[in-house]
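*Asks:* Got a sequence here, can you build the structure:
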Amino acid sequence: MDSRHVKVEDRLAIGDLLARYCHAMDASREDLCIGLFAPDAVLETPVGAAEGRDAILAWIEERLSLRSSDYQVAHYLLNPLLAPESESLVRVRSMLIYTRQRVDVEGQTELLSTGIYEDEVVRTNEGWRFLRRRYGLQEPLSDDYFA
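*Replies:* Next up is the predicted model:
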C-alpha cells in the first residue's frame, strides 16, 4: 500500500465493517456487533466510553436495553474517508444519520441524531476490526484525508 492510498479490496472490506456495525446494532445483535472490535479496542461516545471487548459488550448491551420495542432504529453511515497509517491500520471518518420509526404504524421517520465517527481500523487474522471507535457531534477534519 502506498502511503496515500488504500487498496480497493481493503476499502471494500472496511466499508463492509462499517455496514456490519450498523446492521448489527439496528437488529439489536450485540453478539454480532462485538465481533467487529479488536480485543483491545476503545469505544468513545458522548453517552459513555469503554475499553476492551468485555467493557464494550457491556456498553452495547446497556444501550440496547434502553430501546423501546415500539420503534425500529437505523444507523446510516455516509461519505467515508480513509487515511492509511500503514498496511494494517487505517483511519476512517464517516458521517452518521440516526433515525427511528414506529413499527406498529406507517409513520414518519424521526431524526434522532447526526454526527461524525472517527475510527481506527486494524487488519487482523479475522479481517478488519475496530481498534478505536469515537463518535461525536462535531469532529475536526484532518487534512490527512485529502493527502
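
*Asks:* what about Ala83, how many residues close to it?
*Replies:* When neighbours are counted by other C-beta atoms under 10 Å, Ala83 registers 19. C-beta: built from backbone N, CA, C; applies to glycine.

*Asks:* now swap in Leu137 and tell me
*Replies:* Counted with other C-beta under 10 Å, Leu137 comes out at 10.

*Asks:* Phi and psi next, for the nearest residue to it once chain neighbours are set aside.
*Replies:* Residue nearest to Leu137 in three dimensions, not counting chain neighbours: Gly115, with 4.9 Å by C-beta to C-beta, 6 or more residues apart in numbering. With angles defined as degrees, to the nearest 10, Gly115 sits at phi 170, psi -170.

*Asks:* what about Gly115, distance to Ile14?
*Replies:* Applying C-beta to C-beta, to the nearest Å, the value for Gly115 to Ile14 is 19 Å.

*Asks:* okay, these two: which has more neighbours?
*Replies:* Using other C-beta under 10 Å, the more surrounded residue of Gly115 and Ile14 is Ile14, with 20 against 16.
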